[in-house]
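>>> any chance you can model this:
(chains A and B)
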Amino acid sequence: MKKLKWLVPTIYIIFLMLPIYWLLNMSFKTTTEIINTYTLWPQEFTLDNYKKIFTDSTWYTGYLNSIYYVVLNTFISVAAALPAAYAFSRYKFLGDKHLFFWLLTNRMAPPAVFALPFFQFYSSVNLFDTHVAVALSHCLFNIPLAVWILEGFMSSVPKELDETAYVDGYSFWKFFFKIFIPTITAGIGITMFFCFMFSWVELLLAKTLTAVAAKPIAATMTRTASTSGYELGLLAAAGSLTIVPGAIVIYFVRNYIAKGFALGRV
Amino acid sequence: MNKTVNQKAWFFVIPVFVLVAFNAIIPLMTVVNYAFQETFGNNQFMWEGTRWFKQILVSERFHAALGRQVLFTLIILVIQIPLGIFIALNMPKEGIGVPICLVLMSMPLLIPWNVVGAMWNIFALPDIGFLGHSLNAMGFDYNFTQQSGDAWFTTILMDVWHWTSLVVLLSYAGLRSIQPAYYQAAEIDGATRWAVFRHIELPKMKKVLTIAILLRFMDSFMIYTEPFVLTGGGPGNATAFLSIDLVKMALGQFDLGPAAAMSLIYFFIVLTVCWVFYNLMMRNESKS
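Sure, this is the predicted structure:
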């Protein structure tokens, strides 16, 4: 029994990799090969699909737009959540528990409920089709998440640290930036990872709030699929490229992921 | 931890409060506004009272969508939670296998949701997709765009592919926090594998599992993008879950009043379930 233990994760990983492999497989094929034959690997290996994405500005600006608003959102979410999480982890104040639950309810709001009002609201404040609009709208679910994770990390830091610093004559802000933030860098890293992840994978709001100037890559893909026929190879190449940023980020935080899930109560 | 009472802490919370309120309260009020009124565009509104709510609550279409949604979420929870625990129990505990497993298993979580849908579409196509082609070659009559059973099978398989890793990672994190001494003690007592699981591992995973169930409930209940790209809610309405039906009503037919009423009912259901869960979770936490 014990010797066959490795089989379980192996089979599971193979199951996970199969659709990804199929997507990569398609992305290296020519359109004729995709339509006419069923092949397990590309017979006429081609990089044309990728070449098209990197040279056509409607494609690569989609990637730049996505990365722009995702980074902006990650920065806003973490910056706003840091002091709030500190307050929740250290102090009792009027309505703290209700506020915390109210924040979490926003993580529970179905984005489909908010799509239309968001469109109207952001149009009325002249932010429609800007990166800022998408970054701000993603705060709806990322800030509660960031507060939740950071609060978990901060609660595991003993309060004596704060008190010792005050005794040593540190002002609050000096303590916060010089001592407290460096002790929870791992937590901040995890939080940024999750904010990045949830902003990167979300499409409904990002698509609703943009038209041309800030259109995310995911929306470019759906529009290509519906307008210029069914260019599966191109679609597969674009899809494969959307995996890359996530894979890079995951590689850097691999050691923190499991820990972050446990401590940070994601 | 002992917390001190400090009302000035509100100042720390203000940025978060403003940002979230800006995004949550104003749009939610718009929805409430639509839910009680009839509109013909041009900002003309007529008061309708609770008519839309009554209409939605008795409409067969809503009942059908809700039924599909509840069934889908139940199936997802029944498959993913035990499967996730099982995989986590069998993961390597040290060595090179750990980062490899973690990195590869996290991959599906980081793929944009419409790419997940598109990927599974390509993967399951009966003629050129690996899954569809293989199933048909094995003699199954499989076509997810035309047979509702196949559409359900594909959607569930896709969700299992997409989200089981979340349960695995959470359970694994819970298991890692168990001291080796517990296992040694169990061995001395001659405990069976099941007893170890039931009395040592499961209690330690309780907290993370609650979170896993909560997250999987919320996200599978709100699922939109993946089935929308994969099946478009079809064939017919077979996989039109609540969100898909809602967007169809709001943006497709522009029935804003009923759609808004449905949004509020929908939100209310998610909220109630999560509130119950949240309270259970907090009670457990204060006990331990």
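>>> three-state assignment of residue B:46?
Secondary structure state of residue B:46, per DSSP: H, G, I helix; E, B strand; the rest coil, is strand.
>>> give me the element the closest residue to it other than its chain neighbours is part of.
Distances taken as Cβ to Cβ, 6 or more residues apart in numbering or on different chains place residue B:38 nearest to residue B:46, at 4.6 Å, with adjacent residues excluded. (C-beta placed from N, C-alpha, C; glycine too.) In this assignment (DSSP states H and E), residue B:38 forms part of strand B:37-39.
>>> quick one: that strand to chain centroid distance?
Centroid separation between strand B:37-39 and its chain, computed with Cα atoms, centre = their mean, to the nearest Å, is 32 Å.
>>> now stretch B:85-101
24 Å.
>>> give the buried residues for it.
By 16 or more other Cβ atoms under 10 Å in any protein chain shown, the buried positions in stretch B:85-101 come out as B:85, B:87-91, B:98, B:101.
>>> report the two of these separated the most.
B:85 and B:98 (17.8 Å; Cβ to Cβ).
>>> packing partners of the strand holding residue B:38?
Here strand B:37-39 touches strand B:45-47, helix B:256-287, going by 3 or more Cβ pairs under 8 Å, 6 or more residues apart in numbering or on different chains; DSSP states H and E.
>>> give me the sheet partners of the first one and which way each runs.
To tie it back to what came earlier, the one meant is strand B:45-47. Here strand B:45-47 has these sheet partners by DSSP bridges: strand B:37-39 (antiparallel).
>>> quick revisit: highest average neighbour count across the helices and strands packed on strand B:37-39?
Among the helices and strands packed on strand B:37-39, ranked by average contacts under mean count of other Cβ atoms under 10 Å in any protein chain shown, first place goes to helix B:256-287 (a mean of 17).
>>> helices or strands next to that one in the packing?
Helices and strands touching helix B:256-287, by 3+ Cβ pairs under 8 Å, 6+ apart, are helix A:96-108, helix A:111-124, helix B:10-35, strand B:37-39, helix B:51-58, helix B:202-221, helix B:242-247.
>>> now it: average pLDDT?
Mean pLDDT, helix B:256-287: 81.
>>> so residue A:212, which of the three states?
What three-state DSSP gives for residue A:212 is coil.
>>> number of residues surrounding it?
9 (other Cβ atoms under 10 Å in any protein chain shown).
>>> equivalent analysis for residue B:78, please.
Neighbour tally, residue B:78, other Cβ under 10 Å: 10.
>>> for it, grab phi and psi.
Main-chain torsions, residue B:78, degrees, to the nearest 10: phi -60, psi -40.
>>> what pLDDT does it get?
Predicted confidence (pLDDT) for residue B:78: 96.
>>> show me what contacts the residue most central in space within chain B?
For chain B, the residue sitting closest to the mean C-alpha position, by Cα atoms, centre = their mean, is residue B:219 at 2.1 Å. By Cβ atoms under 8 Å, 6 or more residues apart in numbering or on different chains, the residues touching residue B:219 are residue B:163.
>>> neighbours of residue 171, how many?
Chain wasn't specified; assuming chain A. Count around residue A:171 with other Cβ under 10 Å applied: 10.
>>> look at chain B instead
Close neighbours of residue B:171, defined as other Cβ under 10 Å, add up to 27.
>>> let me know the helix or strand that the nearest residue to it once chain neighbours are set aside is in.
Spatial nearest neighbour of residue B:171, chain neighbours left out: residue B:88 (3.6 Å); criterion: Cβ to Cβ, 6+ apart. For residue B:88, the host element (DSSP H and E) is helix B:60-89.
>>> immediately after that helix, which helix or strand?
helix B:97-106.
>>> contacts for the following helix or strand past that following helix?
Heading C-terminal from helix B:97-106, the first helix or strand you meet, by DSSP H and E, is helix B:113-124. Residues outside helix B:113-124 that contact it (Cβ under 8 Å, 6+ apart) are A:18-20, A:22-23, A:26, A:201-203, A:218, A:221-222, A:225, A:232, A:235-236, A:239, A:242-243, B:108, B:111, B:128-132, B:144, B:154, B:157-158, B:161-162, B:225-230.
>>> ok, residue A:135 to chain B distance?
With the distance defined as Cβ to the nearest Cβ, to the nearest Å, residue A:135 ends up 11 Å from chain B.
>>> and for residue A:92?
Residue A:92 sits at a distance of 5 Å from chain B (criterion: Cβ to the nearest Cβ).
>>> can I assume that residue is in contact with residue B:4?
Yes: Residue A:92 lies in contact with residue B:4 (Cβ atoms under 8 Å); the separation is 6.9 Å.
>>> between the two, which is the more surrounded one?
residue A:92 (15 against 10).
>>> next one: the more buried one from residue A:157, what distance?
Distance of residue A:92 to residue A:157, given as Cβ to Cβ, to the nearest Å: 18 Å.
>>> need the pLDDT of the residue of chain B found nearest chain A.
For chain B, the residue closest to chain A is residue B:110, as judged by Cβ to the nearest Cβ, at 2.8 Å. What the model reports as pLDDT for residue B:110 is 87.
>>> what's the answer for residue B:84, then?
Per-residue confidence at residue B:84 stands at 95 (pLDDT).
>>> quick one: contacts for it?
B:164-168, B:170-171, B:212.
>>> save those as a markdown table, and put in secondary structure too.
A markdown table is the format used below for these (three-state DSSP):
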| residue | secondary structure |
| --- | --- |
| B:164 | helix |
| B:165 | helix |
| B:166 | helix |
| B:167 | helix |
| B:168 | helix |
| B:170 | helix |
| B:171 | helix |
| B:212 | helix |
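>>> which of those residues sits closest to residue A:98?
After measuring those against residue A:98 - Cβ to Cβ - the closest member comes out as residue B:212, at 25.1 Å.
>>> can you report how many residues lie near that closest one?
Residue B:212 has 26 neighbouring residues, counting by other Cβ under 10 Å.
>>> enumerate every residue touching it.
Residue B:212 makes contact with B:81, B:84, B:166-167, B:170-171 under the criterion Cβ under 8 Å, 6+ apart.
>>> 10 Å - rerun?
A:261, A:266, B:77, B:80-81, B:84-85, B:163, B:166-171, B:174, B:205 (Cβ atoms under 10 Å, 6 or more residues apart in numbering or on different chains).
>>> residue B:196 too?
B:178, B:182-183, B:186-187, B:189, B:202.
>>> so which of the residues you listed is the most crowded?
residue B:186 (17 neighbours).
>>> without its sequence neighbours, what residue ends up closest to it?
What sits nearest to residue B:186 in space, not counting adjacent residues and going by Cβ to Cβ, 6+ apart, is residue B:196, at 5.0 Å.
>>> please report phi then psi for the one you found.
Main-chain torsions, residue B:196, degrees, to the nearest 10: phi -60, psi -40.
>>> tell me which helix or strand the residue in chain A positioned nearest to chain B sits in.
Closest residue of chain A to chain B, Cβ to the nearest Cβ: residue A:246 (2.8 Å). According to DSSP H and E, residue A:246 maps onto helix A:232-263.
>>> quick one: mean pLDDT over that helix.
Helix A:232-263 shows a mean pLDDT of 78.
>>> ok now it, how far from the chain's centre?
Relative to its chain's centre, helix A:232-263 lies at 9 Å (Cα atoms, centre = their mean).
>>> okay, buried residues for stretch B:232-251 please.
By neighbour count with 16+ other Cβ under 10 Å, stretch B:232-251 contains the buried residues B:232-235, B:237-251.
>>> from the chain's centre, how far out does it sit?
That offset, for stretch B:232-251, works out to 17 Å (Cα atoms, centre = their mean).
>>> for chain A, what helix or strand is lowest in average pLDDT?
Least confident element among the helices and strands of chain A, by mean pLDDT, DSSP states H and E: helix A:217-227 (a mean of 68).
>>> so what's the residue count around residue 215?
Picking chain A for this. Quick note: residue A:215 (other Cβ under 10 Å) scores 21 neighbours.
>>> ah, no, chain B please
17.
>>> other residues contacting stretch B:45-61?
So stretch B:45-61 is contacted by B:33-40, B:62-63, B:65, B:237, B:240, B:245, B:248-249, B:255-266 (Cβ under 10 Å, 6+ apart).
>>> helix/strand/coil for residue A:169?
Applying three-state DSSP: residue A:169 is coil.
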